[in-house]
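> quick one: sequence and predicted model below, then my questions.
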There are 2 protein chains.
Amino acid sequence: MDELKPMDAEQLREYGHQMVDFIADYYKNIESFPVCSQVQPGYLRELLPDSAPVRPESLQDVLDDVQLKILPGVTHWQSPDYFAYFPSNSSVAGFLGEMLSAGINMVGFSWITSPAATELEMIVLDWLAKALKLPDQFLSTGHGGGVIQGTASEAVLVVLLAARDQVLRRVGKDATGRLVVYCSDQTHSALQKACKIAGIYPENFRLLKTDSSTDYALSPESLSEAISRDIASGLIPFFFCATVGTTSSTAVDPLTELGKISNSNGLWFHIDAAYAGSACICPEFRHYIHGVEGANSFNMNAHKWFLTNFDCSALWVKDRSALIQSLSTNPEFLKNKASQDNKVVDYKDWQIPLGRRFRSLKLWMVLRLYGLENLQAYIRNHIELARKFEELVNLDSRFEVAAPRRFSLVCFRLVSAQNDAEHANQLNRELLEAVNSTGNLFISHTVLSDKYILRFAVGAPLTEERHVLEAWKTLQEKAALLLT
Amino acid sequence: MDELKPMDAEQLREYGHQMVDFIADYYKNIESFPVCSQVQPGYLRELLPDSAPVRPESLQDVLDDVQLKILPGVTHWQSPDYFAYFPSNSSVAGFLGEMLSAGINMVGFSWITSPAATELEMIVLDWLAKALKLPDQFLSTGHGGGVIQGTASEAVLVVLLAARDQVLRRVGKDATGRLVVYCSDQTHSALQKACKIAGIYPENFRLLKTDSSTDYALSPESLSEAISRDIASGLIPFFFCATVGTTSSTAVDPLTELGKISNSNGLWFHIDAAYAGSACICPEFRHYIHGVEGANSFNMNAHKWFLTNFDCSALWVKDRSALIQSLSTNPEFLKNKASQDNKVVDYKDWQIPLGRRFRSLKLWMVLRLYGLENLQAYIRNHIELARKFEELVNLDSRFEVAAPRRFSLVCFRLVSAQNDAEHANQLNRELLEAVNSTGNLFISHTVLSDKYILRFAVGAPLTEERHVLEAWKTLQEKAALLLT
């Protein structure tokens, strides 16, 4: 058997160059793939062996398999014709940051396990906080600070746990069954999942109703009424999550009023700006997070619309000690002088897992290689493209815009000539299937006030005006076929 | 302002090649760095600006900063002189897999969002399960299956939640305060953290005592007695975690007997083989997981000692429906035909976060580019190097081996001539500080039966015999200085 040299610098160089070319070629040809994969469930098992090889195979064999067997099963999130869900940006800078992080491959649970990983994360999240004009209390130089979580789901979970434990320390752990969480029916399902994990009783999870009268934003009255009702029943309201840019329609909850109600009732106030947070680096969009001053925690996903490869979810808290009290462990085998002396941040105590990657590198590289001015222009361009798409929808009487456009998402639908609600829903379901199965574009859907609605989310880094126009053309063609 | 092209294929090619060379050069020179970073807390803030740049900077500027400002703050887990904690392997194959995953940059929460990501993960975890000779019930072809979690912490958390909810569905959710979890005092702190997250009462978390009489393995009697006692007090035992290769000393719990007790009392039986699981691909070490047949779930970290870059923690369960019942969400905006038809696996329902990276690529590339024979040889070589180190310790009467060596970890210490326990602990603390501050090697410590013990964990891919010999020389030199 050949001797295995699993980390030979010159082999890494040779193979690494091959892989760079493979990936660059992928981007060169990305428009040639169907955006949403068209394979059938189970397709891959028929193409691959039943067990791992005993003897080594060549890189070329593996790359051939990637080309022939893997890529057909990939839904191309980086395609310029990708308009589904929300974007998940890749960029040259983000990619380089991932490479470097994988190259160094350290596990930064404590400061000592790579001081640079912890310190760069603190510094870069301060940079981003300043770019977003977050209040100083969220900076790491005081009692708060930022931390990179994997996803917004983990971000909301860790702050929910911090809030839960804070209130239980006061009222006793037997009161768990009386704890109440508030959000709107537009809040991301991640909060409901976090509540299940944290043991919040399902009947104490308040999904407050919204409707088109507020453009699906939560009304302060609903929150304040719900809290009063629960207090009167002997329950303990302790957590409220507002959203800036909801998943269905990018609705924006009125932060200032909601924050006041939340604060005066002693609730932990979390803001989920996973998608729309990125836009707030532009002065003209910053007003959407006006009221963040009242929040205990704030989250935005740099991996969505900020050119930082997945995963990179930025969470800031005003009081890091609440997080640490809930999430710290201190086993003997991890003790070290720097931690014992309390001179450093150990991010293991701010998150669910112990180990963590050097994710700040990619965010740092995005900020440095592009600069804030370019990043602002990038956001503005997508918003402008979405505005153009909205204009096209408005010009075609067969369609309607189904919710106000604020950022780069357009909610729209075919209207039913019969004025029949179920028929209209069915039409739009069919239109979605029809356009996605062309492979020319990929869009997704939602339901608002029982209406099935199509979502056109601009935000892939390669998307240009021509892609938006082509997508609209396909939509119109498929609509025409459905309507005849 | 220059127009930003955040994803230009030719720029990715050019910059990607530069980064490959940067990383290959890093590995070429990796022995020139102090293994454990010698910087002081706060060092980086003095070297970087206070805010993000407005205008773009060049890649060369960033790489210069990595070289001059970041690398001094890195603790080099990939250095051949790294012997701390457990290894966290990087390899050419693992690195290429990370590159490809970052290149494709899809978010594989549901099958439809990239069928290949879900299907390759199922297939490759079946491959690995077969290499470990796990029972067929853990394969994805039945009711079980494997999933890649970020870390062993997340693996134990998700199965704990599945087990908690399973029992609460039977006894009612108001019984949470009566649920009891069992493990040994050698179990990783991740379980305690998972219990805090899941709302298990701290007084119902049983850290059963072990000692040198069983080489720090949990005795079946302790478990069975504890369970009986708790049942008699009206409590509800529901979860037990055994470990194969504990963090402190790689102790191995007796799985067969423990499993019987666990099964007959209706507990969920989880096996944490995060580190030592890798060794079990060798027939001669497979017996360490004999008894896995009785387990509900089994976990090993391919990112530790299996050449797969962090993060890649493989978790198998026999009953995937238990996981899914606890962790699924089904918001309208994620509904799709394949999921609704129940024809596919949606891994979002097997994990805490919603989004997930294409992590199976790197494990697939490791298995294919190296092959099982090479991987077995890789493991055996590290175990042989650890055996040699153990031999050296045994030959030097100033030292003792402090716990039996089973895999590639040697627990050892200086003995105190005065036979004074506190003096011996102090000596070893000082020896750890002394060798780590040379920068020539990095080791860590633990405490067993009140003894401060040094841990020498072989497992970095670049480690050869000469590095082990050099490390021992430094240890001897520093010991001599301390003992004069």
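Received it, and whenever you're ready, just let me know what you need.

> the inter-axis angle of the helix or strand containing A:Lys193 versus helix B:189-198?
A:Lys193 is part of helix A:189-198 when elements are defined by DSSP states H and E. Computed with axes from the mean of the first three to the mean of the last three CA atoms, to 10 degrees, the direction of helix A:189-198 lies at 110 degrees from that of helix B:189-198.

> gap between A:Glu225 and A:Ser184?
Separation of A:Glu225 from A:Ser184 (CB to CB, to the nearest Å) stands at 13 Å. The way it works is simple: take the backbone N, C-alpha and C, and place the C-beta from them, glycine included.

> those two: who's more crowded?
The neighbour count for A:Glu225 versus A:Ser184, taken as other CB atoms under 10 Å in any protein chain shown, is higher for A:Ser184 (25 against 13).

> dig out what the more buried one forms beta bridges with.
Here A:Ser184 shows beta-bridge partners A:Leu208, assigned using DSSP bridges.

> contacting residues for it?
In this structure, A:Ser184 makes contact with A:Leu207, A:Leu208, A:Lys209, A:Thr210, A:Tyr216, A:Ala217, A:Leu218, A:Ser222, A:Thr243, A:Thr246, A:Asp253, judged by CB atoms under 8 Å, 6 or more residues apart in numbering or on different chains.

> turn those residues into a markdown table, including neighbour count and pLDDT.
Below are the contacts of A:Ser184 laid out as a markdown table (neighbours: other CB atoms under 10 Å in any protein chain shown; pLDDT from 0 to 100):
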| residue | neighbour count | pLDDT |
| --- | --- | --- |
| A:Leu207 | 14 | 97 |
| A:Leu208 | 18 | 98 |
| A:Lys209 | 11 | 98 |
| A:Thr210 | 24 | 98 |
| A:Tyr216 | 24 | 98 |
| A:Ala217 | 21 | 98 |
| A:Leu218 | 28 | 98 |
| A:Ser222 | 18 | 98 |
| A:Thr243 | 27 | 98 |
| A:Thr246 | 30 | 98 |
| A:Asp253 | 30 | 98 |
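
> any idea which of those is the one closest to B:Ile289?
Of all these, the one with the least separation from B:Ile289 (CB to CB) is A:Leu207, at 44.4 Å.

> mind listing what A:Pro53 touches?
Residues near A:Pro53 by CB under 8 Å, 6+ apart: B:Leu367, B:Arg368, B:Gly371, B:Leu372.

> try it again with 10 Å
A:Asp61, B:Trp127, B:Leu367, B:Arg368, B:Leu369, B:Tyr370, B:Gly371, B:Leu372, B:Glu373, B:Asn374 (CB atoms under 10 Å, 6 or more residues apart in numbering or on different chains).

> what's the pLDDT at it?
A:Pro53 is assigned a predicted lDDT (pLDDT) of 98.

> where in chain A is pLDDT low?
A:1-3 (pLDDT under 70).

> show me the helices in it, by range?
A:9-28, A:59-65, A:92-104, A:115-131, A:152-171, A:189-198, A:220-232, A:255-264, A:302-305, A:320-327, A:337-340, A:360-395, A:421-438, A:465-483 (DSSP state H).

> quick one, the fifth one and helix B:189-198 angle?
An angle of 70 degrees separates the directions of helix A:152-171 and helix B:189-198 when computed by the same axes, to 10 degrees.

> what's the separation between A:Pro331 and chain B?
4 Å (CB to the nearest CB, to the nearest Å).

> distance of that residue from B:Asp185?
10 Å.

> any common contacting residues for these two?
B:Ser248.

> would you pull up the residue in the stretch 101-250 of chain A closest to chain B?
A:Ala116 (2.9 Å; CB to the nearest CB).

> just give me the neighbour total for that residue.
Neighbours around A:Ala116, by other CB under 10 Å: 26.

> was I right about A:Leu354 contacting A:Phe333?
No. In this structure A:Leu354 lies outside contact range of A:Phe333 using CB atoms under 10 Å: 11.1 Å.

> okay, and the common contacts of the two?
With CB under 10 Å, 6+ apart, A:Leu354 and A:Phe333 have common neighbours B:His188, B:Ser189.

> quick revisit: who touches both of A:Glu225 and A:Ser184?
Contacts common to A:Glu225 and A:Ser184, judged by CB under 10 Å, 6+ apart, are A:Leu208, A:Ser219.

> what residues does the stretch 151-300 of chain A have near chain B?
A:151-155, A:157-158, A:161, A:164-165, A:168, A:173-174, A:176-177, A:187-194, A:196-203, A:246-249, A:281 (CB under 10 Å from any CB of the partner chain).

> apply 7 Å and report the result again.
Contact residues, the stretch 151-300 of chain A versus chain B (CB under 7 Å from any CB of the partner chain): A:151, A:153-154, A:157, A:161, A:173-174, A:176-177, A:189-190, A:192-193, A:196-199, A:201, A:247-248.

> just the buried residues out of these, in PyMOL syntax.
Remark: buried members of those, expressed as a PyMOL selection using 16 or more other CB atoms under 10 Å in any protein chain shown:
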select buried, chain A and resi 151+153+154+157+161+176+177+189+190+192+193+196+197+198+199+201+247+248
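
> still on that earlier bit, in terms of neighbours, single out the busier of A:Leu354 and A:Phe333.
Legend: neighbour count by other CB under 10 Å for A:Leu354 and A:Phe333, higher for A:Leu354 (23 against 20).
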